[in-house]
Structure formats: structure tokens, C-alpha cells
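# okay, here's the prediction I keep looking at, along with the sequence it came from:
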Amino acid sequence: MSSIKVCAATNLVTVADPVSNAEQIISIIDEASQKGTDIVAFPELALTGATCGDLFMQEDLILCAGEQFERVLQSTKGKDTVVILGMPLLKNVGGLKVCNSAAVIQDGNLLGLRLKGTVENSDIGDETRWFEKDYDAQTDVSNSLYNRETKVFTDEPLRIESLGIDLGIVIGERLNVFDTNVDVVVNMNARAITADQITASEIAIAQSYDSNALTIYVEAGEGESTTDAVFAGQNNIVLGDKILASSNTFDNENIYAQVELDDISTYKVNAKPDAEEFVESCRLKHSAARTKHPFIPEDKTEQARMCETILSIQKKALVKRLKVVRSEKIVIGVSGGLDSTLALIAATLACDDMGIDRSNIVAVTMPGFGTTTRTHSNATDMMKSLGVTFREIPIAATVEKHFEDIGHDVNDRNATYENAQARMRTMILMDLANDINGLVVGTGDLSELALGWATYNGDHMSMYAVNGDVPKTVIRVVVGYVADELLKGDYLGEGIDNETLSRVLKDIVDTPVSPELLPANEDDSIAQKTEDLVGPYELHDFFVYYVLNKGYNEIDWVYKAAVEYFAEDYDEATIKHWLKTFYRRFFTQQFKRSCMPDGPKVYSRGLSPRGGWMMPSDASSRIWLDAIEGLE
């Protein structure tokens, strides 16, 4: 054999439904076989979906996966194509012991099982909760499930006699150096896409450097749960730094490449770059760390990539949630501020992606006691420009009646005065969504969640929160990016007055951040400016970045770095004051984050209590506040 044809295939997953997934997988195998494909590889846990969570602890799911594996196995009879399939594997050691595994099958035969050794907290959750580490009991595989003896292998390659090659398998993003010679490496992943990660093609290239082999990199994609993350199916086939085939992001593509075996042999004898050094250089290229605005790359190309990635994540996440709840209606409150603007843009892109009319978005402006003409006009103009269904529902009279009902003096502008407005708006949106069988899209952002600057069960709550992992400083950049792109062409589709919408978006970017819950000034300007009350968001985003990203979370380091980076903007006393505010609020407001709605991860580290920041709601901030007091 002078060449081999390989395929990286991402099946459209139905989470926790091995029957439907097996049908997809068998169809892809049939197509690959008809095309004369020698190797077809599927993503990690493709048979069940990688995002099943605690369902992996349900025996019904694991046994069904075993039955459907047998179905897939039988479908390969008479086919020479080697199939690498990700699936959960039951170990016969008493009780329900499950491994994250890859089965290698050909012509109705199970050639071997690769069990995942590095079980950790990953993009699919805490794997140690569900999966066993394979190295402890490699041979303890349930023969009753597969009814056959087979080779169980870990870091050594598996010889594929029909192809005359040695095959290595890596499950998860971890690069793997094989102790012996290997010709082809399959790197199967369930890796969430984020705005701050190295690309899938870079991982594939690094794996090829590391393994000295042709690499088939295959990712989980559409269909996986978007409770906390989005999976993009970014498949790549590479030899060294040469990309032989690459899929479009989010398309669940099956990509093919014909590779000469002599090319693999030639590649082996040549010197290769160090994989770890290559990965580190990629991380530095994409990272915005150790800058004034650590979430935002300084490089304009990387900044544009970040904006597009965020918008794509929000769009795809929302599409998935709408499909799951079987609705095409979106309800969103639009204030004319940054957060609701980005959420509305994401909802617009989601409708376009689903091929449904934008009138399915019911956008509601709810003027209250503090609404200014500027924000109201911007909200109205934006909604009308985008072609969504426009609703205006004033809340002042309703809230005043509510004050009368609970005995609150309307002239007492305390927390009740403010929060009643936020909760009234949320009630209106929720009830309206129930009335039209729609989904309330939340608008709150990561910066607000970090500070707890949200009304509990008011703007804090929604049915799906697309902005929950996006910092305020980043939202400003993304909205500005969309405004600029509109002037270059039909960025948000045809039929839009791009110049008018761009002007509105730019004015929203320039508008002071405010909940507008207190009456406006006499000149109709915003009286209640958030950053006057809780501090500048650029400082708080700086603080939260280093709290979330381990290695830079010591208060002394964070303070000194802030003093250095913001020397021209704030004096040391001001930075110290807002750092104390940040830590005080970050601890006391955890209870709001503990019950925050589902929403997609945008950065590698976020505040979701399910897979991001985990902290008890009643933890003490004393040692951190004491440390701040001692700063010099």
C-alpha cells in the first residue's frame, strides 16, 4: 500500500441517545467505506455525547451504549475501513465502573480498546466523578458486554496489519509522546471553543510534532449540550505543519485526506520543532494576559478573531437551546445599554442561522423611572433597524401600584425602589415568553456577576444567559466591532440601514453604564452611573481576570500590577479602594452566581458554578480584605 485515505468525522450528537447517535455513525462509516477510506475517526464519547454529566453514572445509558456499539460493530462487516469510535466502557470490577474509551474496529472485529488515562476536570465537566483511570486495571474490561477478548492499550500504538501501520490514539486535548514508533495518531476531543484558546489546527500540528506522525484531530461539535459550553467540531488532518484538510468551524464536517506513506516516512527522519515550545508560542500569540485589559488582545487581528468567536459561540449556543425547548420565539428586554445590545445581536444572528424571520424576536423596551431619551431612542432605533418585533411596555404605573400594595413610599428610593423595577421587567419578560412559547434571553455579563451588580431574581434571572461569561470591557469592544463591520457591508444581512445602525451602536458604546433605576437629571441625562457606585469596570475586569486565572491571584501581585498598568488613570489609593470593593462584593454576592442560569463559556475560566468558579456562598473574605489593608 503506497497511500492511505483518512477521515475525521464529527457526527451530529443527540446527548444521551446512543440509538440516534449509532444511526449517524453507521451512515458516516458507510459513506467513508464507499469512498475507499482506510481510517475514519470520531470524537471523544461520540456514541453517547460527551456532555451527559451524571447520566454517565446511570447504568441504562452505559448498557444502551454497549448495545449500540455492537450494532455499529456489526455494520462494519465486509468493510476494510478501520473505525475509531469514542464511547463509555463498562469495566467488570463490581458496581458501575466506567472508562472513557476508544474502540478500534474493522470488518466486524474489535481490534483494541484505548482507555483514557488522564481523567480530570475538563470542558465536559469533572471526569473524575464519572470515569475510572485506565492504568489501574487495564485488563478489567467486561467481556460480558462485548463478548470477546481484545487488546487494551494505553500509550503504546496498536498495529493495524491490513494497513501496515502503527496507530496511536489520544483521548482529550493532552499531547502524547509514544514510547515506540507510530505512523498515525488519532487525537479525539470534546473541547469547548473559547475566545482565548489556541486553535484546533495548532493542537493538531503540535500533536504531529510530538508524535512524529500523521495526525487526525477530531472534535465534538453541534448537538453537544450548551448548558455551559459550545463545541465547534474543528477537525484537522495534518502532517507536521502542513494542514492536509480542515473543517469549517461549527459545520460538523467529515473531512478526508489521501496521504502517501512515503511522505510519513520522510517526515519521520527530519528534525521537528519542540511541541511544548510550539504550544507555548501559540498560547502567547492568542493570550491577552499581562496587559491593561487582560481579556482583550492588543493585536487587532486577534481582537477581531475574539469578537467573531464570541458572536459565534453566543449564536450557536442560543440555536441549540431553542431547538431543545422546541421554540422559535425569543423574548429579550432591550434597554439601550451595552449588555442588551450584544444579546439582541446574538439573537439576531441565531435567527439567521436557523433560517427563521427576525420577527420571531420579541424585543421589549420597558421605560421606568430613570429611562432617558438617549437610551430609549437608541433601543427603539436599534430594534426597528434589525427588523425584530418591537414592544414597548412602560412599567412606572405598575410599579407604583406594587409599592401601594406592599406599603412602600414611592419617595423612598432605597433598594426596594430600584429592585422592584428590575423584577417587574423580568416578570413581564417571563410572562410574555410563556404567552408565546418563547425563551427569555438574559443580558447580564460576567463583570456584573463578579460584583453581584444584579437584582436577585430580576435581571439576574433568565431562561438562557448569552452574556454571562463576557466581561463588560469585552462587550464594549464586540459592539464597537459590529458597528465598524456594518460600515464595510451587510454584516447583519441585507435590508438594514447599516449607517444608521452603526451610528446607534457607536452611541451605545459611548453611553455611561447605568441600570437607570433612579430618576434622570433635570437635563434628561443619566443620574445613576454604575461605575461611580461600584468602580470602573476596567479595574474590576482586571481583578477578576487574575482571580479566575490561577498563578496571578495573589493580592499583592494584582495590586502592584494594577498600579503599574493604570498609573496614568488612577492613583494608588483609588486602586486600593476599588480592589477592596471588588473582593468584598465578590465574596458576599456568590449566592447569585450559585444559581445563575445556563449560558455558554466564552473564556477558558468563567463564573459558572457548574464548571467554572466553585465557591461556597457563605465563605468569609476576611483574609483577603485584611491583606488589602496591609498593602503598601
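Thanks, I have the structure now. Numbering: from 1, shown residues only.

# where's A520, which helix or strand?
Assessed by DSSP states H and E, A520 sits outside every helix and strand.

# and for it, the neighbour number?
19 (other CB atoms under 10 Å). Bear in mind the C-beta positions are built from the backbone N, C-alpha and C, glycine included.

# quick check, pLDDT for the closest residue to it other than its chain neighbours.
Using CB to CB, 6 or more residues apart in numbering and skipping the chain neighbours, the partner closest in space to A520 is T372 (4.9 Å). Note for T372: predicted pLDDT of 94.

# check contacts around T372.
516, 520, 524-526 (CB atoms under 8 Å, 6 or more residues apart in numbering).

# stretch 473-482: how far from the chain's middle?
Averaging C-alpha positions (CA atoms, centre = their mean, to the nearest Å) puts stretch 473-482 18 Å from its chain's average.

# how about residues contacting that stretch?
For stretch 473-482, contacts defined as CB under 8 Å, 6+ apart pick out 293, 295-296, 303-304, 306-307, 310-311, 338-339, 341-342, 345, 445, 447, 467, 470, 491-492, 505-506, 508-509, 537-538, 541.

# in the stretch 351-500 of the chain, which spans are strands?
361-365, 389-392, 439-442, 464-465 (DSSP state E, counting those that start in this stretch).

# returning to what we had before: closest to N414 out of the contacts of T372?
E516 (16.7 Å; CB to CB).

# flag the shaky bits of the stretch 1-150 of the chain, pLDDT-wise.
1, 92-96, 134-149 (pLDDT under 70).

# residue ranges for the helices of it, please.
Along the stretch 1-150 of the chain, counting by DSSP state H, counting those that start in this stretch, helices occupy 18-34, 59-75, 143-146.

# among the ones you listed, which is nearest Y559?
helix 59-75 (48.7 Å).

# touching that closest one from outside, list them.
Contacts for helix 59-75 (CB under 8 Å, 6+ apart): 16, 18-19, 21-22, 25-26, 29-30, 47-48, 52, 55-56, 83, 85, 87-88, 90, 96, 98, 103, 105, 108-110, 145-146.

# drop anything exposed from the residues you listed.
16, 18, 21-22, 25-26, 29, 47-48, 52, 55-56, 83, 85, 87-88, 90, 98, 103, 105, 110, 145-146 (16 or more other CB atoms under 10 Å).

# pretty sure T227 contacts D598?
Yes. If you go by CB atoms under 8 Å, T227 and D598 touch, sitting 4.8 Å apart.

# now stretch 334-345: how far from the chain's centre is it?
On CA atoms, centre = their mean, the centre of stretch 334-345 falls 20 Å from that of its chain.

# how far away is K529 from L501?
For K529, the distance to L501 equals 25 Å [CB to CB, to the nearest Å].

# pull out the buried residues from stretch 326-338.
327-338.

# and which of those is nearest D459?
Closest to D459, out of all of these and judged by CB to CB, is G333, at 7.9 Å.

# got phi/psi on the closest one?
Backbone torsions for G333, taken as degrees, to the nearest 10, come to phi -90, psi 130.

# show me what contacts it?
So G333 contacts 340, 363-366, 425-426, 428-429, 443, 459 (CB under 8 Å, 6+ apart).

# which of those fall in helices?
The helices, defined by DSSP state H, take in 340, 425-426, 428-429 from the contacts of G333.

# circling back: same list (the helices of the stretch 1-150 of the chain) but as CSV, adding distance to N121.
As requested, the helices of the stretch 1-150 of the chain are exported to CSV (distance: least, CB to CB, whole Å):
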stretch, distance to N121
helix 18-34, 25
helix 59-75, 21
helix 143-146, 27
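
# hey, where'd the strands end up in the stretch 151-300 of the chain?
152-153, 158-160, 165-171, 184-189, 214-219, 236-239, 242-246, 254-260.

# which one of those has the poorest average confidence?
Taking the mean pLDDT of the strands of the stretch 151-300 of the chain, strand 152-153 comes last: a mean of 75.

# tell me how far it lies from the chain's centre.
The answer for strand 152-153 is 32 Å, by CA atoms, centre = their mean.

# I'd like to know which of the helices of the stretch 1-150 of the chain is closest to A573.
helix 59-75 (57.3 Å).

# now do that closest one and helix 18-34, the angle between them.
Here helix 59-75 runs at an angle of 20 degrees relative to helix 18-34 (axes from the mean of the first three to the mean of the last three CA atoms, to 10 degrees).

# for helix 59-75, buried residues please.
Those would be 61-62, 64-66, 68-69, 72-73, 75, for helix 59-75 by 16+ other CB under 10 Å.

# got it, and stretch 504-514?
504-509, 511, 513-514.

# quick check, nearest of those residues to L631?
V513 (27.1 Å).

# tell me the contacts of the closest one?
So V513 contacts 337-338, 472, 529-531, 537 (CB under 8 Å, 6+ apart).

# and if we set it to 10 Å?
For V513, the contacting residues are 337-339, 447-448, 453, 472, 475-476, 526, 528-532, 534, 536-537, by CB atoms under 10 Å, 6 or more residues apart in numbering.

# now that we have the residues you listed, which of them are buried?
Buried members of the contacts of V513, scored by 16+ other CB under 10 Å, are 337-339, 447-448, 453, 472, 475-476, 526, 528, 530-531, 534, 536-537.

# selection in ChimeraX covering whichever of the contacts of stretch 473-482 are buried, please.
Entered in ChimeraX, the line below selects the buried ones among the contacts of stretch 473-482, by 16+ other CB under 10 Å:
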select :293,295,296,303,306,307,310,311,338,339,341,342,345,445,447,467,470,491,492,505,506,508,509,537,538,541
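
# just the ones of the contacts of stretch 473-482 in helices?
Those of the contacts of stretch 473-482 lying in helices (DSSP H): 303-304, 306-307, 310-311, 338-339, 341-342, 345, 447, 505-506, 508-509, 537-538, 541.

# which elements pack onto the helix or strand containing F591?
Secondary structure assignment for F591, by DSSP H and E: helix 590-594. Packing partners of helix 590-594 (3 or more CB pairs under 10 Å, 6 or more residues apart in numbering; DSSP states H and E): helix 446-451.

# how does it look with 7 Å?
Using 3 or more CB pairs under 7 Å, 6 or more residues apart in numbering; DSSP states H and E as the contact criterion, no helix or strand is in contact with helix 590-594.

# buried sites along it?
590, 592-593.

# tell me which of these is nearest to K272?
Nearest member of the buried residues of helix 590-594 to K272, counting by CB to CB, is R593, at 44.4 Å.

# my guess is D541 contacts K472. True?
Yes. At 6.5 Å, D541 counts as touching K472 under the criterion of CB atoms under 7 Å.

# between those two, what contacts are shared?
S447 (CB atoms under 7 Å, 6 or more residues apart in numbering).

# hmm, back to that, ok, which pair from the ones in helices among the contacts of G333 is furthest apart?
Based on CB to CB, the longest span within the ones in helices among the contacts of G333 runs between S340 and I428 and measures 14.1 Å.

# among these two, which residue is more densely surrounded?
S340 (26 against 19).

# what about the more buried one, distance to L539?
Taking CB to CB, one finds S340 at 23 Å from L539.

# and what of Y545?
11 Å.

# please name the nearest non-neighbouring residue to L439.
For L439, the spatially nearest residue (CB to CB, 6+ apart) is M463, at 4.9 Å.

# same question, D445
Closest to D445 by CB to CB, 6+ apart is N467, at 4.6 Å.

# one more: I84?
I84's closest residue in space is A41 (CB to CB, 6+ apart), at 4.3 Å.

# can you give me every residue that contacts that neighbour?
Contact analysis of A41 by CB under 7 Å, 6+ apart lists 8-9, 84, 186, 188, 216, 218.

# hmm, try it at 8 Å
6-9, 83-84, 186, 188, 216, 218.

# ok, now T128?
119-121.

# next step: the residues you listed restricted to strands.
Of those, the ones assigned to strands by DSSP state E are N121.
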